[in-house]
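K.L.:
all I have is the shape, not the residue letters:
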Ligand SMILES: [Zn+2]
């Protein structure tokens with residue numbers, strides 16, 4: 001009976017992770033993120049992690065002043081579904097990337113962001129980070145060619161239990177190819193777990209298992225994490241540290257700033273309904289997002 005129930009649960013869960021091709025995306029829609037508990041910024045002695053040069057940036061001109069916030073864009077699916085704000089039509093996504101290119105933005109990596117926030121390593125004044133949650137297959141078919149065209153960097157936080165399992169989600173082959181081509185792959189738990197609702201043991205389990213799977217698949221160290229549903233608490237932050245993660249993102253809206261804590265960084269949510277004017281304000285003004 002127990003086995004039967006868990007099979008039913010897994011089936012319902014998989015049905016909910018179908019990108020924008022069906023209307024049953026409620027499980028992973030971020031439209032009503034769980035309000036996270038406010039946790040004070042942890043005191044961390046930052047160890048530098050593998051540094052990465054920023055192409056075209058000479059570290060001497062047009063440097064972002066130390067201690068400032070950075071827009072970290074939060075996308076999910078690049079596709080069209082009427083009325084679904086997490087599905088950004090490909091044409092709109094391309095326009096947004098073109099805007100960044102035409103206006104001299106640098107797409108820095110999470111390693112660049114971490115080094116700037118923790119060790120004051122210089123980054124360009126017009127820096128932006130691009131992230132995708134969940135790991136939809138359209139990140140490979142629609143997003144990847146556009147980012148390659150503009151030579152842009154980005155990160156995808158993937159749900160590892162769906163890799164090579166669900167037809168709407170990325171395969172390990174796609175993850176490997178993208179990770180080698182400037183699209184950083186990081187963790188979004190094993191089953192899209194809400195860390196705020198599970199025990200410390202289960203937090204550690206999902207954090208360790210997803211990290212291990214990605215490290216084995218991609219042959220690199222996994223350092224970064226995004227909370228499913230934006231759900232976190234003090235115990236989740238402790239678990240992340242114990243599992244060896246260095247930085248994590250919530251779904252709280254705003255630019256990423258060290259004052260929010262390196263394990264509870266805010267992001268700029270991009271909605272399908274954002275006009276070009278709204279997109280411009282979100283990336284140029286830390287007070288609007
Ligand atoms: Zn998610």
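P.N.:
Cool, got the structure. Predicted, not measured: the structure shown is a model, and the values here were computed from it. Numbering: from 1, shown residues only.
K.L.:
which bits of the stretch 151-289 of the chain sit near the ion?
P.N.:
With CB under 5 Å from the ion as the criterion, the stretch 151-289 of the chain meets the ion at residues residue 228. Every C-beta, even on glycine, is put in place using the N, C-alpha and C of the backbone.
K.L.:
for the stretch 151-289 of the chain, which residue gets nearest to the ion?
P.N.:
In the stretch 151-289 of the chain, the residue that lies nearest the ion is residue 228 (4.5 Å; CB to the ion).
K.L.:
what is the burial count for the closest residue to that residue other than its chain neighbours?
P.N.:
Nearest non-adjacent residue to residue 228, counting by CB to CB, 6 or more residues apart in numbering: residue 192, 4.5 Å away. Residues near residue 192, counting by other CB atoms under 10 Å, number 21.
K.L.:
and residue 192, that's in a strand?
P.N.:
No - read with DSSP: H, G, I helix; E, B strand; the rest coil, residue 192 is coil and lies in no strand.
K.L.:
mind checking the SS state of the residue most central in space within the chain?
P.N.:
Centroid-nearest residue in the chain: residue 131, 4.0 Å away (criterion: CA atoms, centre = their mean). For residue 131, the assignment made with three-state DSSP gives strand.
K.L.:
helix, strand or coil for the nearest residue to it once chain neighbours are set aside?
P.N.:
Using CB to CB, 6+ apart and skipping the chain neighbours, the partner closest in space to residue 131 is residue 155 (4.8 Å). Classification of residue 155 by three-state DSSP places it in strand.
K.L.:
report the contact partners of residue 155.
P.N.:
109, 110, 129, 130, 131, 132, 183, 184, 185, 186, 224 (CB atoms under 8 Å, 6 or more residues apart in numbering).
K.L.:
may I ask which two of the residues you listed are separated the most?
P.N.:
Spatially, the most separated pair among the contacts of residue 155 is 129 and 185, at 14.7 Å (CB to CB).
K.L.:
list the beta-bridge partners for the residue nearest to the centre of the chain.
P.N.:
Beta-bridge pairing of residue 131 under DSSP bridges involves residue 74, residue 155.
K.L.:
ok, it touching residue 72?
P.N.:
Yes - in this structure residue 131 lies within contact range of residue 72 using CB atoms under 8 Å: 6.0 Å.
K.L.:
quick check: neighbours shared by those two?
P.N.:
249, 267.
K.L.:
residue 277 - how many residues pack around it?
P.N.:
So residue 277, with other CB under 10 Å, has 8 neighbours.
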